[in-house]
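S.K.: Can you look at this prediction? I've put the sequence above it.
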Amino acid sequence: MRRQAIERVRAWGGAAGWGLLVVAVGLVLRWPFFGVPLNADEGGYAYVAQRWLDGRGELYGDLWISRPQGIFLAYGLIFRTLGTSVEAIHAGAWIAGLVTTIFVWLFARDWMGRRAAIAAALVFTLVNGSPYLEGYTANAEVFMALPAAVGAWLLLRWAFFGPPGPPIRGGEHEGGERCSRSGYWRHWRRC
């Protein structure tokens with residue numbers, strides 16, 4: 001029992017170390033560009049989002065831009081939580097990239113294992129923050145990668161374990177095995 005606990009702590013410690021490395025790499029790549037003025041796309045998103053969310057125009061009527069509403073909601077969330085400055089917008093894009101990295105890591109871990117997950121997270125962080133690909137910007141691609149990564153991970157989980165069932169409150173699984181943990185979803189987490 002004690003040995004298992006020690007090994008779990010080591011595994012989480014290693015994962016936390018790699019996670020901190022990914023955060024640091026992402027921050028180092030984006031930091032020099034936090035104050036760079038908004039490009040034409042970012043400025044358009046910010047302008048439309050601010051007016052749409054303040055009720056000063058109707059999207060695709062008075063405020064027309066050929067993007068789905070999700071980008072404006074992402075900008076609105078940034079405006080309400082971090083502020084409306086250039087730095088806040090770029091920091092919001094960095095945070096969205098970090099959350100996306102978590103789901104890239106989860107996908108790779110579930111499909112290929114822990115080492116592949118670390119590599120996938122590092123590669124995604126390097127590509128996502130690359131100045132050559134304008135990774136420092138708060139463009140739609142940065143924000144759309146998050147639901148795409150979540151969807152891919154959920155699809156993989158579904159393919160491996162089937163659709164989620166009702167929550168289990170302790171008791172037995174279908175096979176008669178005893179489960180003492182409560183609140184876990186059948187098929188997604190085995191006791």
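M.R.: Received it, and whenever you're ready, just let me know what you need. Residues are numbered from 1 along each chain as shown.
S.K.: From now on I want contacts and neighbour counts done on CA atoms only, so please keep to that.
M.R.: Noted.
S.K.: what about the protein, any weak spots by pLDDT?
M.R.: Counting by pLDDT under 70, the chain has low-confidence residues at 1-15, 164-191.
S.K.: at 50 instead, please
M.R.: With pLDDT under 50 as the threshold, the chain has low-confidence stretches at 168, 170, 178-191.
S.K.: Wasn't Gly61 part of a helix?
M.R.: No - counting by DSSP: H, G, I helix; E, B strand; the rest coil, Gly61 falls outside a helix, being coil.
S.K.: Tell me how far it lies from Pro68.
M.R.: With distances taken as CA to CA, to the nearest Å, Gly61 is found 14 Å from Pro68.
S.K.: the more surrounded of those two?
M.R.: In this comparison of Gly61 against Pro68, neighbours counted by other CA atoms under 10 Å, the higher total goes to Pro68 at 11 against 8.
S.K.: And the more buried one, its phi and psi?
M.R.: Dihedral angles of Pro68 (phi, psi; degrees, to the nearest 10) stand at phi -70, psi 160.
S.K.: For it, give its distance to Arg109.
M.R.: Computed as CA to CA, the Pro68 to Arg109 distance reads 31 Å.
S.K.: just the helices in this structure please.
M.R.: All helices of the chain, identified by DSSP state H, fall at 2-30, 40-53, 69-81, 86-112, 114-128, 140-161.
S.K.: what's next to the third one, contact-wise?
M.R.: Where contact means CA atoms under 8 Å, 6 or more residues apart in numbering, the residues beyond helix 69-81 that reach it are 45-46, 48-50, 53, 84, 88-89, 92, 140, 143-144.
S.K.: Going by distance to Ala152, which of those residues wins?
M.R.: Out of the contacts of helix 69-81, the one with the shortest distance to Ala152 is Met144. That distance is 12.5 Å, counting by CA to CA.
S.K.: Please list all residues in contact with that closest one.
M.R.: For Met144, the residues meeting the contact criterion (CA under 8 Å, 6+ apart) are Ile71.
S.K.: Look up how far Tyr136 lies from the closest residue to Phe34 other than its chain neighbours.
M.R.: Nearest residue to Phe34 in three dimensions, chain neighbours excluded: Glu87, at 5.0 Å (CA to CA, 6 or more residues apart in numbering). Computed with CA to CA, the distance linking Glu87 and Tyr136 is 11 Å.
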